[in-house]
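A.B. asks: predicted model, plus sequence, below.
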Amino acid sequence: MPGGYVAFAINLTVTGRMMTEGRSQVRLSGAQNNLWFGAPDAENTGVIYLPLVFNNSNGWNSGIAAAASNTTGSTAVAVTVTFYNEDGGFVGEVSNRLNSGSPAWYLYLPALQFLPDKYRGTAVINGTSANGTTVGNENGISMTAAVYHVNYDRNAAISYDGIGQTSIALHVDAPGALPCIPAGFTNCAWAAEIFKTGTVSAQQTVVGTETGVRLMNVDPLLTGAPTQVVVAYIDDSGIVWDTATQRFTIPPFGVHTLFPLYDSQIPEVFRGTMRIMSSGNFVVGVANTVDYTVTDHDASGAYNLQYNTGRTR
């Protein structure tokens with residue numbers, strides 16, 4: 001998968017806000033009252049998660065753009081980007097300072113010498129204001145980021161928004177969506193467009209439009225807890241493919257990639273949704289769709305899972 005977001009409403013207290021049983025209760029200081037309810041990809045707690053980044057992996061390379069708004073000379077933001085491997089192990093980090101004269105920072109991963117060749121991993125962006133407080137406690141400062149993947153061999157490009165810690169805590173299940181209480185897992189989210197076209201076996205490879213989903217345990221409270229995940233596939237007619245249900249564990253800052261093309265329990269031609277249920281910690285994710293029959297122009301795209309309602313057409 002060349003490369004979002006899944007956020008779950010669990011009992012959790014994070015920097016002045018609390019989630020209980022799928023309902024949000026928000027406690028804000030005076031300086032925060034006008035800061036916390038923007039778009040979910042504008043982050044006001046100073047932490048942004050990037051579930052998928054590349055350095056020369058299967059032809060894909062990534063760039064990261066980070067920016068801070070409403071900074072001045074006295075409220076500059078110190079930004080650190082930390083890279084992890086797929087098991088959640090630390091790889092390296094870089095730092096910079098964003099202010100009104102230089103509000104944006106662009107990173108091209110092949111230029112980072114500490115990243116190994118064929119690297120496929122994750123990144124976490126942390127921003128701290130000049131006086132040492134978290135971004136969001138300084139009135140008006142917020143931070144955002146985006147990731148851009150390019151594959152010049154396929155003439156393909158994909159981008160997605162960084163996933164802010166604020167939107168994780170404020171996400172709840174969509175009204176009218178299926179209840180999030182099966183099998184003891186109280187938290188759920190959806191990948192609303194899942195494609196599988198073709199098959200891969202020892203005898204043949206026939207590949208068309210394919211979707212991959214990347215899930216990351218972001219461990220926002222740094223508890224070191226793994227998360228247990230159950231994934232179910234539902235086709236466009238509403239049938240749940242029980243035999244394709246998967247169960248797995250993701251370590252802190254680690255990831256799990258789901259690529260239906262390699263799953264023999266899903267029919268060769270499939271279009272539907274993916275239901276993701278988690279317990280133990282927060283999970284975020286990115287879904288990418290690529291038409292592998294096309295190489296002369298861009299036929300790929302991505303979406304952040306937090307923007308999906310969970311309804312099958």
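C.D. replies: Yep, it's here.
A.B. asks: run through the stretch 101-250 of the chain and note the low-pLDDT ranges.
C.D. replies: The stretch 101-250 of the chain contains residues with pLDDT under 70 at 130-141, 166-188, 201-204.
A.B. asks: how about the strands in the stretch 51-200 of the chain?
C.D. replies: Applying DSSP state E, counting those that start in this stretch to the stretch 51-200 of the chain gives strands spanning 61-69, 77-84, 90-98, 104-108, 119-129, 142-151, 156-161, 163-164, 187-200.
A.B. asks: okay, buried residues for stretch 52-63 please.
C.D. replies: Using 16 or more other C-beta atoms under 10 Å as the test for burial, stretch 52-63 gives 52, 53, 54, 55, 56, 57, 60, 61, 62, 63. Every C-beta, even on glycine, is put in place using the N, C-alpha and C of the backbone.
A.B. asks: and of the residues you listed, the nearest to residue 189?
C.D. replies: Among these, residue 52 lies closest to residue 189 (C-beta to C-beta), at 16.6 Å.
A.B. asks: residue 160 against residue 302, yeah?
C.D. replies: Yes. Shown here, residue 160 and residue 302 form a contact pair, counting by C-beta atoms under 8 Å, at 4.6 Å.
A.B. asks: so what's the nearest residue to residue 120 once chain neighbours are set aside bridging to?
C.D. replies: Closest residue to residue 120 apart from its sequence neighbours, by C-beta to C-beta, 6 or more residues apart in numbering: residue 57 at 4.3 Å. According to DSSP bridges, the partner residues bridging residue 57 are residue 60.
A.B. asks: for residue 57, what are its contacts?
C.D. replies: Counting by C-beta atoms under 8 Å, 6 or more residues apart in numbering, residue 57 makes contact with 118, 119, 120.
A.B. asks: repeat that for residue 291.
C.D. replies: By C-beta under 8 Å, 6+ apart, residue 291 lies in contact with 208, 209, 299, 300.
A.B. asks: could you rerun that using 6 Å?
C.D. replies: Residues in contact with residue 291 (C-beta atoms under 6 Å, 6 or more residues apart in numbering) are 209, 299.
A.B. asks: for it, give me the pLDDT.
C.D. replies: In this prediction, residue 291 carries a pLDDT score of 88.
A.B. asks: distance of the residue nearest to residue 120 from residue 111?
C.D. replies: Relative to residue 111, residue 57 is positioned 15 Å away (C-beta to C-beta, to the nearest Å).
A.B. asks: try residue 261
C.D. replies: From residue 261 to residue 111 the distance is 32 Å (C-beta to C-beta).
A.B. asks: neighbour count winner among these two?
C.D. replies: Higher neighbour count among residue 261 and residue 111: residue 261, with 23 against 11, using other C-beta atoms under 10 Å.
A.B. asks: the more buried one should be in a strand, yeah?
C.D. replies: No. Looking at residue 261 with DSSP: H, G, I helix; E, B strand; the rest coil, it is helix, so not inside a strand.
A.B. asks: chain neighbours aside, what residue packs nearest to it?
C.D. replies: Distances taken as C-beta to C-beta, 6+ apart place residue 210 nearest to residue 261, at 4.8 Å, with adjacent residues excluded.
A.B. asks: beta partners of that neighbour?
C.D. replies: For residue 210, the beta-bridge partners under DSSP bridges are residue 290.
A.B. asks: mind listing what residue 200 touches?
C.D. replies: By C-beta under 6 Å, 6+ apart, the contact set of residue 200 is 261, 262.
A.B. asks: re earlier: between the contacts of residue 57, which sits nearest residue 101?
C.D. replies: Distance to residue 101 across these (C-beta to C-beta) is lowest for residue 119, with 32.0 Å.
A.B. asks: how much space between that closest one and residue 85?
C.D. replies: 8 Å.
A.B. asks: between these two, which one's more packed in?
C.D. replies: The neighbour comparison of residue 119 against residue 85 (other C-beta under 10 Å) goes to residue 119, with 21 against 17.
A.B. asks: is that one in a bridge, and if so with what?
C.D. replies: residue 55.
A.B. asks: that one contacts residue 55, correct?
C.D. replies: Yes. Taking contacts as C-beta atoms under 6 Å, residue 119 lies within contact range of residue 55: 4.0 Å.
A.B. asks: mind listing what residue 117 touches?
C.D. replies: By C-beta under 6 Å, 6+ apart, the neighbours of residue 117 are residue 56.
A.B. asks: one more pass at 8 Å, please.
C.D. replies: When contacts are counted by C-beta under 8 Å, 6+ apart, residue 117 touches 55, 56.
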